[in-house]
Every structure is written in C-alpha cells, then in structure tokens.
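Colleague: with the input below, show me the fold.
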Amino acid sequence: MAARILHRLRHALAGEGGREEPAGGGGEAEDCPESSELEDDTEGLSTRLSGTLSFTSHEDEEEEEEEGDGATSEELEVTPQAPGAAAGTEDGGRCWGEWVSAAERPGGSLLTRQLQELWRRSRGSLAPQRLLFEVTSASVVSERSSKYVLYTIYLIRSGQFDKAPATIARRYSDFEQLNRRLRCRFSCDMASVAFPRKRLRRNFTAETIAKRSRAFEQFLSHLHSIDEIRRSSEFLEFFFLPDLQAAQRLTCTGMYREALATWANAYRLQDRLGVCSSGRFLLTLAGLAVCHQELDQLSEAHGCCEQALQLLEAQGSHPLLGPFLQAHIHLAWKVGKDKRHSEARLQDLRESGLLLQQQPSLKECLIKEPLE
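Modeller: Numbering: from 1, shown residues only. Model prediction:
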C-alpha cells in the first residue's frame, strides 16, 4: 500500500514538469514492485533518524510503552502519528502518505517531539537493575611481615551510570573468611558456589592475579543471586562494615574531611546493596550529618537529617530519633528551613516519656556506637 502511494506521488510530481513516457511507448503506468521505492526510502529515513521505524496501531504502541525494556534513543520505535488527528486506517494507524504530508507541513518538527516524548516515557520503564561486581585493578602490597594482592572492586548497577562509584578493596584472606563464614551458615546453598583455591607458588604473577580477579567477580555474583545469602549480615557487612569502622575512627580523631569521603562510600555501598532502611544506614546518615556540619556544609547536613527522619517516621522510638530531631531543629534554624514539625515531634516524645529531657548529641551517639 505504501509503495503504491509513493509511486503515485512520484508520477504526480513528474507530471508537473512534463511526463516521460516509459520505454516501449506504452501509455500505461508501469507496475511498482513492493521492494523498490519503499525499501530505498525507508533506508534513507532510518539513516537520518538513527532509529527503527514501526507502523503499529495505537493499542500496540501502548503495549510497547508498558513493556519497555530501557532501550536507548537509538533503539526506540518511532510511530509517526500527528497529534490530535483521527486514525486513518481501521486498526488505528496512519498510512505512509498521510504521515509524510504531516511532516512536510510547518509543524515538521513533529517527529523530533515524538522521539523526545518516547524517550521521556521510556526512562520510567527501564528493565530491572542488576548488581554487577567488577575488579577494576589489583596491586601487590608489601609490608614488613607480609605480602599480598589488594583487589579493587566496583559495585555497578546495570543500565545506570554512576558518577561516584561504590568501591571496596579486599585481599584474598578477606574473601576466604567470607567464604568460610557463609559455608558454616548456608552449607546447602554454598555447595554449588566455587571459590579459588590457595596456591603455594606463583601467587603474584599477572596470570594468577587475572584469574583470581575473574573468579572473585563470579564468586560475588553467585552469592548475590541467592536470596538468603544476599540478605545475610555476613554478606552485607563484608562490603560496608570496614568503611563504617574506618569512618568512625576518622570522625573520633577529628579528621572530618577524610571521614566524610569514607561515610559517603559506605552510603553508596548500602544503596547499591538495597539496605537503606537498616540501623547501619541510619548510622551512616548520622556520620554524614556530623561531618558536613563540622565542615560548615550546613545544607548537606540538614538534608541528611531529613532523610533519616523520613526513615524514622513510622517508628515511635529509636536510639537515634531524639539526636536526629535535635540536630534537624538546630540545622533548620541555621539554614532558614521549617523546623516546627520536628519541634512538635520532639515535644510529643518527651511528654510520652519515650525520650529523656537531656538527649546525647548526634556526634556522641556516633562515637559511642559499637561497630564489630
């Protein structure tokens, strides 16, 4: 159908400038095969659009939007249809000639607007994210009494670009300890999980380091694919507990800038692992708030307190609730934000006897929290 319409348009335009008779002198129009003009024109349009053309009905388009798989703008299907126009065919689609005419009118940017709209819609229907583990570097560390390889691992969410990646640095003995603890608790689940064996020689060759790097990636990915292990404290704390301990030590010694970077990495690790409602995560927000405040970054500290209070909204009592409310009230006054809700909530908790009149500060709670 589309090929015949293009054929008629071509001959109509040719007729205005003088019609050429086909070879052989016949006055009848020659047949237009389905594979000639349509393929050439479609190829040109596809090249200019860098996309895939699809002539589907409106119902098909809605189904594709609901089942979108997070394609990029180059993979999106383009359904050319003028806004506000009635469907030209029985199945709700528009024929090729009608769309070409709409694109050639003053509103010729219709297709660009449609691409932009499809892209905006597709961003909300991305495929479920998957956590990837990638060993990005490995370095040989020599100390007085030992020599070992330190592996740097990135935690990456598929389908998303992380401006600030979540990273850990672990040695073989750290992985071995994790493997041993998990096998003690999840012996059945761990039966199919492979772990690289120890070597007596050639532990520091490039070949051995490369093989172990790939083995550790597969090891962590396999563990993360098992529900019970993925949610276990042994697996989760392997990633972020060392950062929390280091950040706490740096905060206690007044090295707030260094502590802030470590708290921030612990935040990203817990975010990637999906444990943003745990007690460890609240402690991380407390560390971020304290360091931001000590570095005179009051707006950032206020934001951390607000996030923590949102997580604590449904809890009537928590050891960090009072300190967070006090810190939020103080910071809101400093940055000119509304603090009435926090003041009322703090007063209600005190009147109900859930909080003492004299609460420790957020920094005091952070320093005294045992992290083992």
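Colleague: low-confidence stretches in the protein?
Modeller: Confidence mapping of the chain against pLDDT under 70 gives the ranges 1-112, 114-116, 118-129, 356-357.
Colleague: so for the stretch of helix or strand residue 282 belongs to, what gets flagged as buried?
Modeller: Residue 282 belongs to helix 279-294 when assigned by DSSP states H and E. By 16 or more other CB atoms under 10 Å, the buried positions in helix 279-294 come out as 280-294. Backbone N, C-alpha and C define where each C-beta goes, glycine included.
Colleague: who are the packing partners of that helix?
Modeller: If contacts are counted by 3 or more CB pairs under 8 Å, 6 or more residues apart in numbering; DSSP states H and E, helix 279-294 sits against helix 233-252, helix 256-273, helix 298-311, helix 321-335, helix 362-368.
Colleague: nearest residue to residue 334 in space, please, no chain neighbours.
Modeller: Nearest non-adjacent residue to residue 334, counting by CB to CB, 6 or more residues apart in numbering: residue 298, 5.1 Å away.
Colleague: now do residue 186
Modeller: Nearest residue to residue 186, sequence neighbours excluded (CB to CB, 6+ apart): residue 229, at 5.7 Å.
Colleague: which element is that neighbour on?
Modeller: Assigned by DSSP H and E, residue 229 falls in helix 227-230.
Colleague: what about the strands in the stretch 101-250 of the chain?
Modeller: According to DSSP state E, counting those that start in this stretch, the stretch 101-250 of the chain carries its strands in the segments 131-142, 147-157, 166-171.
Colleague: residue 347: neighbour count?
Modeller: Using other CB atoms under 10 Å, residue 347 has 12 other residues around it.
Colleague: residue 170 now?
Modeller: The burial count for residue 170: 20, using other CB under 10 Å.
Colleague: measure it to residue 220 for me?
Modeller: As judged by CB to CB, to the nearest Å, residue 170 and residue 220 stand 10 Å apart.
Colleague: with residue 343 instead?
Modeller: From residue 343 to residue 220 the distance is 46 Å (CB to CB).
Colleague: same deal with residue 226?
Modeller: For residue 226, the distance to residue 220 equals 11 Å [CB to CB].
Colleague: have a look at these two and say which one is more surrounded.
Modeller: residue 220 (24 against 17).
Colleague: correct me if wrong: the more buried one contacts residue 133.
Modeller: Yes - counting by CB atoms under 8 Å, residue 133 is a contact partner of residue 220 at 4.1 Å.
Colleague: what's the overlap in contacts for these two?
Modeller: Residues touching both residue 220 and residue 133 (CB atoms under 8 Å, 6 or more residues apart in numbering) are residue 153.
Colleague: burial check on the residue nearest to residue 306 when sequence neighbours are not counted, number of neighbours?
Modeller: Leaving aside its sequence neighbours, residue 306 sits nearest to residue 328 (CB to CB, 6+ apart; 6.7 Å). Here the number of neighbours of residue 328 (other CB under 10 Å) works out to 26.
Colleague: hang on, residue 328 packs against residue 342?
Modeller: Yes - the criterion here is CB under 8 Å, and residue 328 meets it with residue 342 at 4.8 Å.
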